[in-house]
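Trainee: pasting the structure only:
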């Protein structure tokens, strides 16, 4: 029987909770892996990771919807 991860991480662009095992995309920066809900958030992060992390999540994802959709 397969086990499912109960740990989620926050997409640093939109704030959405992402299961690392099912993440749409991921990037490494300064030795840490960041997971994203979609390729659009990854692209924004990859343009300037330091600035993205400094600003933090800029969109409220409490509605549960993906910011890229």
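Mentor: Cool, the structure landed. Given the structure is predicted, the values throughout are model-derived calculations rather than measurements.

Trainee: Not counting sequence-adjacent ones, nearest residue to residue 38?
Mentor: Nearest non-adjacent residue to residue 38, counting by CB to CB, 6 or more residues apart in numbering: residue 68, 3.6 Å away. In short, each C-beta sits where N, CA and C put it, glycine included.

Trainee: where's residue 35, which helix or strand?
Mentor: In this assignment (DSSP states H and E), residue 35 forms part of strand 32-36.

Trainee: and if you look at residue 46?
Mentor: helix 39-47.

Trainee: Go through the following helix or strand past that helix and flag the buried ones.
Mentor: Going down the chain from helix 39-47, the next helix or strand is helix 49-55, by DSSP H and E. By neighbour count with 16 or more other CB atoms under 10 Å, helix 49-55 contains the buried residues 49, 52.

Trainee: Next: stretch 25-41.
Mentor: By neighbour count on 16+ other CB under 10 Å, the buried set for stretch 25-41 is 25, 27, 34, 35, 36, 37, 38, 40, 41.

Trainee: circling back: show the contacting residues for the residue nearest to residue 38.
Mentor: Neighbouring residues of residue 68 by CB atoms under 8 Å, 6 or more residues apart in numbering: 14, 37, 38, 39, 40, 41.

Trainee: Would you agree it falls within a helix?
Mentor: No - going by DSSP: H, G, I helix; E, B strand; the rest coil, the assignment for residue 68 is coil, not a helix.

Trainee: For residue 17, see how far away it is.
Mentor: 15 Å (CB to CB, to the nearest Å).

Trainee: Give me the neighbour count for residue 9.
Mentor: 16 (other CB atoms under 10 Å).

Trainee: With residue 24 instead?
Mentor: Residue 24 - counted by other CB under 10 Å - has 16 other residues nearby.

Trainee: just residue 42 next, same as before
Mentor: Counted with other CB under 10 Å, residues neighbouring residue 42 total 21.

Trainee: Sketch out the low-pLDDT regions of the chain for me.
Mentor: 1-6, 57-67, 69 (pLDDT under 70).

Trainee: 50 instead?
Mentor: 1-5, 60-63 (pLDDT under 50).

Trainee: Same list, the buried residues of stretch 25-41, but as a markdown table with distance to residue 54 please.
Mentor: Formatted as a markdown table, the buried residues of stretch 25-41 follow (distance: CB to CB, whole Å):
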| residue | distance to residue 54 |
| --- | --- |
| 25 | 20 |
| 27 | 16 |
| 34 | 14 |
| 35 | 19 |
| 36 | 17 |
| 37 | 20 |
| 38 | 21 |
| 40 | 19 |
| 41 | 16 |
